[in-house]
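Novice: the sequence and its predicted three-dimensional model are supplied below.
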Protein chains: 4
Amino acid sequence: MAGNSFGKLFNLTTYGESHGTALGGVIDGCPPGIELDIEAIQNELNRRKPGQSVIVTQRKEPDTVKFHSGIFEDVTTGTPIGFVIENTNQKSHDYSHIKDSYRPSHADYTYDKKYGVRDYRGGGRSSARETACRVVAGAIAKQMLKDVQVTAYVSAVGTLKLEKPYSELDLAKAETNIVRCPDEAMASKMENYIKEVRGKGDTVGGIVSCVIKNVPVGLGEPVFDKLHAELGKAMLSINAVKGFEYGSGFHGSTMYGSDHNDAFNTDGTTKTNYSGGIQGGISNGMDIYFNVAFKPVATLIQEYETIDKEGKVVKMHGKGRHDPCVVPRAVPIVEAMAALVIADFYLLNKIYS
Amino acid sequence: MAGNSFGKLFNLTTYGESHGTALGGVIDGCPPGIELDIEAIQNELNRRKPGQSVIVTQRKEPDTVKFHSGIFEDVTTGTPIGFVIENTNQKSHDYSHIKDSYRPSHADYTYDKKYGVRDYRGGGRSSARETACRVVAGAIAKQMLKDVQVTAYVSAVGTLKLEKPYSELDLAKAETNIVRCPDEAMASKMENYIKEVRGKGDTVGGIVSCVIKNVPVGLGEPVFDKLHAELGKAMLSINAVKGFEYGSGFHGSTMYGSDHNDAFNTDGTTKTNYSGGIQGGISNGMDIYFNVAFKPVATLIQEYETIDKEGKVVKMHGKGRHDPCVVPRAVPIVEAMAALVIADFYLLNKIYS
Amino acid sequence: MAGNSFGKLFNLTTYGESHGTALGGVIDGCPPGIELDIEAIQNELNRRKPGQSVIVTQRKEPDTVKFHSGIFEDVTTGTPIGFVIENTNQKSHDYSHIKDSYRPSHADYTYDKKYGVRDYRGGGRSSARETACRVVAGAIAKQMLKDVQVTAYVSAVGTLKLEKPYSELDLAKAETNIVRCPDEAMASKMENYIKEVRGKGDTVGGIVSCVIKNVPVGLGEPVFDKLHAELGKAMLSINAVKGFEYGSGFHGSTMYGSDHNDAFNTDGTTKTNYSGGIQGGISNGMDIYFNVAFKPVATLIQEYETIDKEGKVVKMHGKGRHDPCVVPRAVPIVEAMAALVIADFYLLNKIYS
Amino acid sequence: MAGNSFGKLFNLTTYGESHGTALGGVIDGCPPGIELDIEAIQNELNRRKPGQSVIVTQRKEPDTVKFHSGIFEDVTTGTPIGFVIENTNQKSHDYSHIKDSYRPSHADYTYDKKYGVRDYRGGGRSSARETACRVVAGAIAKQMLKDVQVTAYVSAVGTLKLEKPYSELDLAKAETNIVRCPDEAMASKMENYIKEVRGKGDTVGGIVSCVIKNVPVGLGEPVFDKLHAELGKAMLSINAVKGFEYGSGFHGSTMYGSDHNDAFNTDGTTKTNYSGGIQGGISNGMDIYFNVAFKPVATLIQEYETIDKEGKVVKMHGKGRHDPCVVPRAVPIVEAMAALVIADFYLLNKIYS
């Protein structure tokens, strides 16, 4: 209820601050009998971890996950899966300068006002570091959903935008470059652009797109828990996300019904897919696809003015090792949250069998 | 769990099909001691009801709400509020022609595949008629949240888009025209456009924008139940919604951090509000604002081809009294869902007091 | 969250005060495709209704249930089932004398202190009248659980106690007498005893026992949601219940392990059943059986002293048409709650299939 | 939903098998600003741990809790509290003999049938070892509920039963002897009796009683989530519990209403307290008291016959270091679960403020 759990039947609860001793979580409801590839889980964490390339934060965190329960001889037992990721790099002195002041467009102010107390070391609970736990759980969800393919990629960095639809891209290429954009020419432009932005101590936003293939027909629980509503919530719960659209999205609002309707083929598939694989909140078996907008990271390596706890104006200078653009590292997080949503609805749908 | 409840502490459960005997719901968790203006609740329903103007469906439904419990001498008692809206206009013979076929971009196909059985009369549970119950609950939430102002309006119909930010509009004017657009010149254009589209038996999409003023600082429960994540889910759960963005939204993804950061005033307010009133998933006291994209209504008054349950191609012709553009009637629904989200987080936040 | 919903997947939400216009509820999560016998549902309500025999309250309420949704051509559709039971007998003037005073061992005082406002007409929400909605939902759960047999009966009235275990009784006989005790000689004694107690304007407690046969192996979700823990909660949530024990129960606490252990037969059944059909919180396929203790009804037809809202001592006299002993009418309520618990775990267990 | 979480607002999720690397849990919803006495938490764990006296299991486990998050400078921050208890004593070879057979009255059979796979080392998840996590969370709940006093004690071992009501006992004496019975003469008898039972390789059941003082008026959420219903569920979720009764309990079912009703004093307290501090599911400010019945431990140090996975009869001999009577070590567990229930309702009740 306090907001640190996600999912009804495939349920993840997470804990951990950016500079505490460890992050961790519990996955309750993972079905028994799933043979886990533990290395594949660690690989997902590695896709998210800091320091993996020259265009992301140069902080070094090994982000090694240890499982405490729920897995016996590499097979899930149906009991809760507890896991821990130790924080090996707790340079809290880096953050002492922000103890009494509120950084603009961070959560310092709101956390202080809500809770009356704040672990000021590097964002504490509001740090995107907590998404590491989501990636662990998402990796297990992916392994449960063998036939479903969840693939995210960077489709925009600032105003550099990939205009092609996903169906004209070779999504497998996303992992071949450090931006995680499947179009090589665009990836190269984006990489240079991010370097340029970083050089100014600035940051820039971007868009992650995601495609989910082979989703069974029938997932989603209308009227409130529509499949796309939970996907939207899942994405909007990721740090820095400002918008979500699926299928025809915002562009669809400009269209005529006569253009937008997806005519059926005789096998129940549709000739077009403006619906984005979901009708009435329930998957129809077509590809699900959506876009997630990320704002520019708020931590700049620049001087700025802000206020302290007493409301006095103070001069600050951003320090540390931050991402100039969050979207390359957000790709595995988007996939993880998508997998968690599908896993949960997959289990919920068993009630109808 | 089957998806017909919304909210944790201020909880709404709804039931009802478009052509059953009645719709209804239960609000559990409404605090005691709230003096209700029952007429104001009915007025909200009237804003949503069919037949209210020439640009919406000409179906006639009085949509009168009756309360069964939880209110004693016009004051809430803290016990669950049960209510019923009778369906007085059940022309189910209008829908007999769709019994065995699947209308494109409707939920006929997915409901049949998921549940194996379907009340085929006019959409059944997938009809937007169920949103009447949301409006009832939202009206009560609004009365609970006396100081909070929730105002939605139409900001786009098809490609006709109001480019001004909400702060430059007189939102009170939204209710002075049948489109519910606060710019009179644009409202007039939109009205003509909708009539033209209807004349062709076609439909068109649009955007509803919403502003929430006077939200207390501190609402929202990170990390998963961020305020904007629940708002997003709430909006995406409304029929025909394809996208949600708040604050700087998708445009924010093109910006630099140095432009996007909201600098503080000494009183904790911010000079700009790209954040959209929410930082780290928690309200910061600034205005919350967001956009909701609606696709064009799928029911066209045109001939079309589709398939029946056996997968055979059939010719159909759309009939009935449908909305050529859904956004004017969606305005009170967007407000209702926004009020439900704020009400829920308002109660959750009492834990910290 | 405010406590008017029960069950996770097979979920019942109820509303209604004893003297409002109607009671009602919503069953969300009932699977589609169940052919309902509506008359059988009404029959369960009739077993609970007031005025059915000389030893229960002589209040007359037809308690007719009307379904609004979720059922199409007598088959469940998988959408929420809304239902209403109108209160036809709202003699609220009977209760005006208790408006400002607190009846001993009723919920008047605690409701007033908790909510600050109270529908004082006959107990309002705290009246056992709300259990009518449980019986409706339980009757549907029973029909979903075709092979499972839930049978409750009166095993004690005051100190008159049936010492035989259920296995030596012909449970079918419980419905042949107005006490609902399957032993005819004891039933006759109990009936006379209740009449005698009523004659004095007094009341007496009792015990309802319940047996659930043919429960599949595997129901229950340890560690917190053990099958017997939810059964216990379900029973303790019924008005006037003071205790719950299953299997060997309180007597089991006096036994040696060497006597209490249930040795296996080679087919997995057990030679004895002190466990009460549940091991480690999970059903083992043996009969589940339990006892539910009910206190004497607090409303006496006698003069008594109590306090009013200002804490002044006032003289009152119990009026109205109350049950001298609640257990005969509690039998269908116990069955209903047991069926709801089993139905919920039955659906939850599908996740493992 | 899979049953490893407890509480709505003060929510505990646990994980861990008896012979895995570690147990642990997450407390989500603990309010910020509580100064924690970490040593007091460890002391509660020590009250539960194995090997603390001659009448409990001689297994040695230090049961040291480590906190990973949610606490900053010994004060709760409002973010989730993650904690871990390492298993230092994993003698899994002790259990190899039970890998393929089902011990009578254990959960081996039901876990295997439900999950299809089982961590057979010492009970796995069904071991009472998981209650260590409950004790950690309960200790924090106690510290949150400063003014509330939760005291449990042993009131029966086998047929040795303390007949005095709690009000005639000096509950502080419970912790002065290893049985945790506040009557010294009875404690001595019970101790000798347990030793005698252990000498035979047998076990015996017992009763833990609990008193909760200074509970504010108003806790509990009728109609389903009555305070005593959640207390009952909480207690029944503890390993080996067979029954729960509160206030007058099962004895109350034999009483007349005229004897059982609790007459008011002018300050709203009552002259008697058969109600057990709860009216209509809501606390009335009087002491809450209840009894919890525990069956005899199923593991005997004796030879016995049982079946293996193929249904063949096998001869086994109980080994290991088990409790001859579980109630002395159950005392802190009962207190912990009681504290969790009160803490949860305490937070829920803030909604009404």
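Specialist: Received it, and whenever you're ready, just let me know what you need. Keep in mind the model is a prediction, meaning the values are calculated, not measured.

Novice: separation between the closest residue to chain D within the stretch 251-353 of chain A and C:Ile27?
Specialist: Ranked by C-beta to the nearest C-beta, the top residue of the stretch 251-353 of chain A for proximity to chain D is A:Leu347, at 8.9 Å. In short, each C-beta sits where N, CA and C put it, glycine included. Using C-beta to C-beta, to the nearest Å, we find A:Leu347 at a distance of 21 Å from C:Ile27.

Novice: the two - which one has more neighbours?
Specialist: C:Ile27 (30 against 25; other C-beta atoms under 10 Å in any protein chain shown).

Novice: is chain B contacted by stretch A:112-132?
Specialist: Yes. Stretch A:112-132 comes into contact with chain B (C-beta under 8 Å from any C-beta of the partner chain), by way of A:113-116, A:125-126, A:130.

Novice: got it, and stretch A:230-249?
Specialist: Yes. On the criterion C-beta under 8 Å from any C-beta, stretch A:230-249 is in touch with chain B at A:230, A:232-237, A:239, A:242-249.

Novice: could you give the mean pLDDT of that stretch?
Specialist: The pLDDT scores in stretch A:230-249 average 98.

Novice: just the CA coordinates of that stretch, formatted as PDB?
Specialist: Extracted in PDB, the C-alpha atoms of stretch A:230-249 (Å, rounded to 0.1, in the frame of the first residue of the first chain):
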ATOM      1  CA  GLU A 230      -1.300  -1.300 -16.300                       C
ATOM      2  CA  LEU A 231       1.500  -1.000 -19.000                       C
ATOM      3  CA  GLY A 232       1.100   2.800 -18.800                       C
ATOM      4  CA  LYS A 233       1.300   2.700 -15.000                       C
ATOM      5  CA  ALA A 234       4.300   0.500 -15.100                       C
ATOM      6  CA  MET A 235       6.200   2.800 -17.500                       C
ATOM      7  CA  LEU A 236       5.100   6.000 -15.700                       C
ATOM      8  CA  SER A 237       6.500   4.500 -12.500                       C
ATOM      9  CA  ILE A 238      10.000   4.500 -14.000                       C
ATOM     10  CA  ASN A 239      12.100   7.500 -12.900                       C
ATOM     11  CA  ALA A 240      12.000  10.400 -15.300                       C
ATOM     12  CA  VAL A 241       9.100   9.200 -17.500                       C
ATOM     13  CA  LYS A 242       6.700  12.000 -18.600                       C
ATOM     14  CA  GLY A 243       4.500  10.200 -21.100                       C
ATOM     15  CA  PHE A 244       3.100   6.900 -22.500                       C
ATOM     16  CA  GLU A 245       1.300   6.100 -25.700                       C
ATOM     17  CA  TYR A 246       0.500   2.800 -27.300                       C
ATOM     18  CA  GLY A 247      -0.700   1.800 -30.800                       C
ATOM     19  CA  SER A 248      -1.600   4.900 -32.700                       C
ATOM     20  CA  GLY A 249      -1.100   6.900 -29.600                       C
END
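
Novice: give me the three-state assignment for A:Val154.
Specialist: With DSSP: H, G, I helix; E, B strand; the rest coil as the basis, A:Val154 sits in strand.

Novice: please report how far it lies from chain D.
Specialist: Using C-beta to the nearest C-beta, to the nearest Å, A:Val154 is found at 30 Å from chain D.

Novice: ok, that residue - contacts?
Specialist: Listed by C-beta atoms under 8 Å, 6 or more residues apart in numbering or on different chains, the contact partners of A:Val154 are A:174, A:179-181, A:187, A:190, A:206-209, A:327-328, A:331.

Novice: is it true that A:Ile342 touches A:Val215?
Specialist: Yes. Taking C-beta atoms under 8 Å as the definition, A:Ile342 is a contact partner of A:Val215 at 6.3 Å.

Novice: before we move on, the earlier item: just the ones in helices from the contacts of A:Val154, please.
Specialist: Under the assignment DSSP state H, the contacts of A:Val154 contribute A:187, A:190, A:327-328, A:331 to helices.
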